[in-house]
Every structure is written in structure tokens, then in C-alpha cells.
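Chemist: mind looking at a prediction? Sequence and model below.
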Protein chains: 4
Amino acid sequence: MIQTARRGAESSPWSPRETELLDATLQLLQEHGYDRLTIDAVAAMARASKATVYRRWPSKAELVLAAFIEGCRQVAIAPGTGTLRGDLLRLGEVICQHARQQAGTIRAVMVEMSRHPALHDAMQNQFLDQRKALIQEVLHEAADRGEIDDAVISDELWDLLPGYLIFRSIMPNRPPTEHTVQALVDDVLIPSLTRHVYPKANG
Amino acid sequence: MIQTARRGAESSPWSPRETELLDATLQLLQEHGYDRLTIDAVAAMARASKATVYRRWPSKAELVLAAFIEGCRQVAIAPGTGTLRGDLLRLGEVICQHARQQAGTIRAVMVEMSRHPALHDAMQNQFLDQRKALIQEVLHEAADRGEIDDAVISDELWDLLPGYLIFRSIMPNRPPTEHTVQALVDDVLIPSLTRHVYPKANG
Amino acid sequence: MIQTARRGAESSPWSPRETELLDATLQLLQEHGYDRLTIDAVAAMARASKATVYRRWPSKAELVLAAFIEGCRQVAIAPGTGTLRGDLLRLGEVICQHARQQAGTIRAVMVEMSRHPALHDAMQNQFLDQRKALIQEVLHEAADRGEIDDAVISDELWDLLPGYLIFRSIMPNRPPTEHTVQALVDDVLIPSLTRHVYPKANG
Amino acid sequence: MIQTARRGAESSPWSPRETELLDATLQLLQEHGYDRLTIDAVAAMARASKATVYRRWPSKAELVLAAFIEGCRQVAIAPGTGTLRGDLLRLGEVICQHARQQAGTIRAVMVEMSRHPALHDAMQNQFLDQRKALIQEVLHEAADRGEIDDAVISDELWDLLPGYLIFRSIMPNRPPTEHTVQALVDDVLIPSLTRHVYPKANG
DNA sequence: TCATAAGCGAGACGGTACGTCGTGTCTTACG
DNA sequence: CGTAAGACACGACGTACCGTCTCGCTTATGA
């Protein structure tokens, strides 16, 4: 069993003061949602002034994205359970838990990302790429162990697990549960990953 | 059993005037996104006044949700291709196409739903329940035809197909394509639905 | 002592239904002032609809003026006490009482008169001219009795008595009292009217 | 005792920015009247935003009152001609001129004062008390010179001169002229003030 | 030791959208 | 036909927030 330093918690690029601002942002974002979040409220909660916020992040959207990414940084994941099923369940659980807590933030960030290209890029580089690498790593380890065929590792659907769980988290009234993760892994992912594939026919 | 044009567009609850307003909303929403959409602009485009809009929908959020649902109403149509794979591909394509067009609207609606319970309920009753019924119908027909076992029809994951496609649509930079749908159906859904299940084991 | 039919209470030009509307207007005007008076409220109080109001008076201003004049019509005055002092005191008292009650209405009507010329004219013809004639009559009777010199009867200042009392009524905090009228008559008007005048030197 | 430039314009309580706003208000008020005056127009004329206006005056009514009082502040000046008649004529002229210019404003302010007690008080303290002191001063100086008896100085009718002139100014079609002032002073006030009074009889 | 500067809180500012309300016009349906 | 009911276009109200800005006050260093 190979286990690399998956815990990507690189040291935060933010000063303590900035972290206070981001924490305030995260909290208010979760409570009130994106457009009921006001910069004034963030500043007030952190006992700062608006200028202090704007000096660091040029707009509300960028502040919120920074806060979101900061919120994710702490939830670094290290599956390494030794089996594919174990890794997937572990991954799913962590995503679930985080997504349930941060549902409001995720919704907000998604809306804003679609507007400013700078935000996609930040999201892409600082978040999605790491997620993708993590999942691919889990799958490749399973292939190394012989649990699955390398050919089923798809570039198209790599984010099916997190994507569907996030979808469920941001839809009202049906947040994902442990049971959801288990069904998804056992009834969908495993059957899919262990299906018979013709050589080269991957998706 | 071949059945086309099933679950046809039930008659809209809106008057012609209201439909004009919703159409204007939808168009501006798609062009400018949620928070650059102004009620004044909607009213101006429909040659109406703000009061006329607010008389019907008490807030911008509810107007947008109504417009979204109206936009969906026309797309809630029926596969009826005769095979499970055909039905799923057809469903996926329709969802894809619609979700790509309405990505901005969907993002906006999700944010707003999380705030006002009235919006949840509207979404639930007027949209999700119909989607669910449609998909379950497709699966039950496949079971009737003997393509799958009734036991694989899950209440937990019924929305995996639309959910993941919608997730992809609202994430920036990776809108779902025909290829996505095909991979999802052939490599994930079909393997999952045709897996061996023990009697009574649902999920 | 000559006494003509001063009671100018010519029969109202309004139908009973219209009088209801005007009464509602007067009451609401007194309670809330001009611009917090709404046509909807008038219609509601009279169990009528807005169209019914607008059919008779083309604007809020004209409705209010009509109501004001209607309110005045009932307060017709008949001095005829036999002495100048008695007549003036009587006049003053009546004006006082009415103006105190209708202060809000008077304020409102004054503002609106300044805008639509049609309103001055209505006010002039239907109200001021009658007041002026009444006062001049009182003075001429006093001259006939030899109490004053005809020459002191002024066209310039004929409305000093009502004008000052109305001013006092519409200024906040100092509504005119019986004492005000008495002081005005005894200390100002009588000295003025009984002053020595050179022939032709009137003002 | 000759005294000029008495009771000079006490320093304005307003900042330069505020004075700009009040000036714009005054100008638009005079042009369009109270209810055709819009806060947006005031802000636009002063190159300000609505918020800047509302930060200082919580409503249109209070803004207008402040503008009115500001408009008066400059006119609150002193006769000091050396004779009672001269002083009264001078006072009357000044009042006349100002009232004719500000007729629309005065009308507007009167309506609004009757509603908000705060406006009464502002009017009372910032305007009427000063006027009263000015007039009483003129009369006491005349008494000092022996022109009139102290006993004729009345608390009840101190505002007869300004009150009647203002009444005339706000009635449409009969604005006061120089002739009006002259008649009022010579034919009414002087006879009244020089009448024979019994000792102790004031009024 | 003091001044020069940089960061900060406080909060005013121009702009813009919100959601509300009132006017005066118009249409619909009832009696 | 006149009426009650009320939808409608228009436009002002007063509120709230964004992102910019100007003030002084505090620190913190460098001459």
C-alpha cells in the first residue's frame, strides 16, 4: 500500500488578520447567503473597516471565493484505507460532511464563478485540480492492486462522486447521508468500475 | 410498449401577460445573470411596470424561480424510444441541452431556494416531483420489458443522471456534452442497473 | 338696521352621492393632510370606486377644493348685531371656529391653488368674493349708522380680519382664540376704522 | 438709538456641501413646487446622490423645511431707521419681498409642519422666535423714543404685520405690494399703536 | 528624538437597484 | 348605462449595498 503525502494543507497564504476576515466571511456567507452578505457586515464582525477588506480582495466575489477556498483547505483528505471501496466511502463521507456544512457557500461561489473568469481560474487551480488528482490517485492505486482495470479510469466522469454529492448538498431538502454515499459506491461506482471493458473503450 | 408524447406540457398556470413577463425574465436572466437582472429591465422589456411584476411575484427571487420553472415546463418530455439505453440517452440529451442553456438561471435559482422555504416547495412540487416520476417511469418500463430487475430502482439515487449533468452544467468550464451523456449511460448507469442484486436488496 | 339675506347657503350643486364623497374627502383631509390623502381611501370610505370619483373631479386637487368649498358652505354667516363692534366680533368668532377646525384643509387647499389656475378661480368665485361682500356690507352698514367714515373702507386691506385669523390658524401652536379676536377688533380694527382720515386719502 | 446691521446672519449650521444641497432644494422648490420637487432632482443638481441627502434630512419634508429656514436666515435683518413708521415700513418691505419669492416654499412648509412635531419646533426656534424678538425690539425702541406707549405692545398680535403679509403672499392672485405695506402701517398699525390706552390695559 | 510614512477605523460619497405606494387611465362584469 | 372592482403604466419614495474616497489616529521605522 502506497500512501503519499496527500494532506495538501500547504501553509495558508494569508496573514492572521486576513484569516480573521475570511473566517468572518465564511460564517456570514453560510448564514445569509451570497447576496445578503455585506462587506460592511464582514468588516464589522472582524472589527475592521471596509477599506481593509478591499485593500486585499478587489470585490465581494473574490473575497467570497478566497473564503471558500480557505474553508476547503482545512478539510484535506487522506483516504489510504487499503481498498477501493474503503477509499471511495471515505472520500464520499468527507465530501458529504463538508458539502453539507458549506452548502450555502458552495451555491454562492458557483453563481459568482460563472461571472468573473478570474474566479473560475482560481477555483480550477486552487481546488478542482487537487480534487481530481486525489481521486485519480485512489483509482490508480486500486488498479495497481488489481481491483479494477486501468481502462475504466475516465477523464470524463472523474468527478461523478463529488459532483453528485455536491448536487445533493445544494439541492434543498435532500442532503446526502451516509446511506447515500454507500449506495453510490456499492450500487453505482463499484459496478461501473468493475464492469467488463473492451480494450481502449473507456469513457 | 411504445408511448410518445407522454406527460405533455400541462397547461401553464400563467396568463398570456404573465408569460410575457416570464419570458422577458428568462431572456434577461440568461443574458446578464441573476444579480445584474433588474426588475425595471424586465418590466421595460415587457412594456409593463414594476408594480405589474410585483403584483404577481413578491420578490425578484420568486419571479426568477417562476421563470425558471416555466422555462422547464416545455422541456419535460418523454423518451419512449423502446429501450432503456435509448430512453436514458434521450433523457440525458434533453437535460443537457436545457441545462446548458439555463445554467445561469439554475445557479441563481439554487441560491435563492436555499433562503425562502416557499421556493423549495415550489421547486419540489412543480419540478422535481415530475422529473422523478418521469425517470421512475422509464425504469419501470425497462423492468416490464425485462431489461433490468425491479430491485435496482432506487429512491436514493433516482436523480443521479440529471443531478450529475446539472452539476456539470453549473460548474464553469466543463459543460456536459453528448459524450458525457453516453459515457454516463453506458459506463455507469447501465452497469449499475444491470448489476446482480440480491432479492430485497434495493438502493 | 338693514339686514339682507346674507345666508348665502344656496342649495348645494352636489347630489347626495357626491356629498358623501366630499364628506369623506374632508374628513380624511383633516386627519391626514393633503398628500397623505389618497383617492383610494376616499373611495373606500364612501364605498365607491376610484372611477366614480374621477368621473366627477378630474384630479385630486379639484376634489379637495370642492370638498373645502362644500365644507365652507355650511358655515354661512349672518352678523347683523346692530353695531360694528358686534358684527366684527361675530365675524371673527365664526371665522376662528371654522378655521381652527379646517386648518389642515386650508393648508392643503392653499398649496394646491397655487398650482392649477382653475383652482384659484374656483376659490375666488365661489368663496372669496362672497366673503369680501359680506365684510364690505358690514362696514357700509356701520358707515350708514355713522359709526365710521366711508373713506376708511379699504379695498386693499378688506381681508385683514379673516386673513390674520387664518394665518394664525394654519401656523402651528398658536391657533386664534376668543381673546385674539377681541384684541384684533378692539385694539386694531376699531382704532383703524375710526381714525381721522383726510378726504380721499383712503388705503 | 440708531443701530444698523443688528442681529446679523448667525453662522449657518450647515457645511458647504449641505448648503449646496439646500440651495438646490430651494431653487427647485421655487420652480416646481413642493410635490413636483424630487429628491433625485435635488441630488442631481448638486451632483450628489440620494443617500447623501437622506443622511442629513430624513425625509423630503425636513429637507424642504431646512431649505426654507436657510433661505430666511439671510433676510432676518434689521430696520434701524430711527422712526417707528420707518422701521415698520422697512420690516414690511423685507417680509413682502421675501414672502413673494418664497411663496411656494412657505405653502409647502406649512403643510408639512402640521404633521411632524419636529418641524414645528424647528420652525418655532429657528425662525419665529427671532422674528418676534425683532419686532418687539422695534416697538420697544419706539416706546423709548416716546412714539408709543409701552402698554400697546401686545403678545397676542405681535405678528399681525408679518402674518397678514404672509397670508397675502400665499393667497393666489393678491401678492402684497409696497402699497399694501404702506396702508397696513399707516392706516392700521400706527392708529392701533398710538391709540389711547388705559394704564395696565395691554393687548 | 522626532518625523515621515504606512496601515488602519471610521464613515461619507456617487451610483444603482430594491420593493412600496399613489395617481390617473382603463377594462371587465354586475345590476 | 352607471357602478364596483381592480389591473395597469408611470414615476417618486425611502432603504440598502457596492466600491471609492478622504479623514485622523496609531504604530513603526529611519534619520
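Modeler: Now that the structure is in, tell me what you want to look at. Residues are numbered from 1 along each chain as shown, chains lettered A, B, ... in the order given.
Chemist: can you pull the contacts of the residue in chain A that chain C sits nearest to?
Modeler: Residue nearest to chain C within chain A (C-beta to the nearest C-beta): residue A:36, separated by 32.5 Å. Quick note: C-beta positions are derived from backbone N, CA and C, even for glycine. Contact partners of residue A:36, counting by C-beta atoms under 8 Å, 6 or more residues apart in numbering or on different chains, are residue B:115.
Chemist: how about it, phi and psi?
Modeler: phi -100, psi 0 (degrees, to the nearest 10).
Chemist: separation between it and DNA strand F?
Modeler: 7 Å (C-beta to the nearest atom of the strand, to the nearest Å).
Chemist: what's the answer for residue A:71, then?
Modeler: Distance of residue A:71 to DNA strand F, computed by C-beta to the nearest atom of the strand: 19 Å.
Chemist: which one is that residue nearest to, not counting chain neighbours?
Modeler: residue A:26 (5.1 Å; C-beta to C-beta, 6 or more residues apart in numbering or on different chains).
Chemist: any idea which helix or strand carries the one you found?
Modeler: helix A:16-32 (DSSP states H and E).
Chemist: what packs against that helix?
Modeler: When contacts are defined as 3 or more C-beta pairs under 8 Å, 6 or more residues apart in numbering or on different chains; DSSP states H and E, helix A:16-32 sits against helix A:39-45, helix A:50-56, helix A:60-73, helix A:103-113.
Chemist: OK, contacts around the residue nearest to residue A:71?
Modeler: A:67-68, A:70-71, A:105.
Chemist: before we move on, back to that, off-centre distance for the helix holding residue A:26?
Modeler: Offset of helix A:16-32 from its chain centre (C-alpha atoms, centre = their mean, to the nearest Å): 18 Å.
Chemist: buried ones in it?
Modeler: A:18, A:20-30 (16 or more other C-beta atoms under 10 Å in any protein chain shown).
Chemist: show the pLDDT at residue A:87.
Modeler: Residue A:87 carries a pLDDT value of 95.
Chemist: touching, it and residue A:81? I think so.
Modeler: Yes - contact criterion C-beta atoms under 8 Å: residue A:87 and residue A:81 qualify, at 5.3 Å.
Chemist: please say which of those two ends up with more neighbours.
Modeler: Taking other C-beta atoms under 10 Å in any protein chain shown, residue A:87 and residue A:81 do not tie; residue A:87 has more neighbours (24 against 16).
Chemist: give the burial count for the nearest residue in space to that one that is not next to it in sequence, as a bare number.
Modeler: Distance criterion C-beta to C-beta, 6+ apart; nearest residue to residue A:87, sequence neighbours excluded, is residue A:79 at 3.8 Å. Neighbours of residue A:79 under the rule other C-beta under 10 Å: 23.
Chemist: flag the shaky bits of chain A, pLDDT-wise.
Modeler: A:1-11, A:74-77, A:199-203 (pLDDT under 70).
Chemist: how about chain A: which residue is closest to chain D?
Modeler: Counting by C-beta to the nearest C-beta, chain A gets nearest chain D through residue A:40, at 13.6 Å.
Chemist: any idea of the angle the helix holding residue A:26 forms with helix A:60-73?
Modeler: 100 degrees (axes from the mean of the first three to the mean of the last three C-alpha atoms, to 10 degrees).
Chemist: can you tell if helix A:16-32 touches DNA strand E?
Modeler: Yes - if you take C-beta under 7 Å from any atom of the strand as the test, helix A:16-32 does meet DNA strand E, through residue A:17.
Chemist: which parts of chain A sit against chain D?
Modeler: By C-beta under 8 Å from any C-beta of the partner chain, no part of chain A sits against chain D.
Chemist: any chance of the contacts of residue A:26 in TSV, plus neighbour count and distance to DNA strand E?
Modeler: Output for those, formatted as TSV (neighbours: other C-beta atoms under 10 Å in any protein chain shown; distance: C-beta to the nearest atom of the strand, whole Å):
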residue	neighbour count	distance to DNA strand E
A:67	27	17
A:68	27	22
A:70	20	17
A:71	22	22
A:105	26	22
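Chemist: now the residues you listed in TSV, with distance to residue C:52?
Modeler: Below are the contacts of residue A:26 laid out as TSV (distance: C-beta to C-beta, whole Å):
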residue	distance to residue C:52
A:67	59
A:68	59
A:70	65
A:71	62
A:105	56
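Chemist: just checking, residue A:39 touches residue A:63?
Modeler: Yes - the criterion here is C-beta under 8 Å, and residue A:39 meets it with residue A:63 at 7.4 Å.
Chemist: of those two, who's got more company?
Modeler: Applying other C-beta under 10 Å to residue A:39 and residue A:63 shows that residue A:63 carries more neighbours, namely 21 against 17.
Chemist: who's in contact with the more buried one?
Modeler: Applying C-beta under 8 Å, 6+ apart, the residues contacting residue A:63 are A:21-22, A:25, A:39, A:42, A:53, A:56-57.
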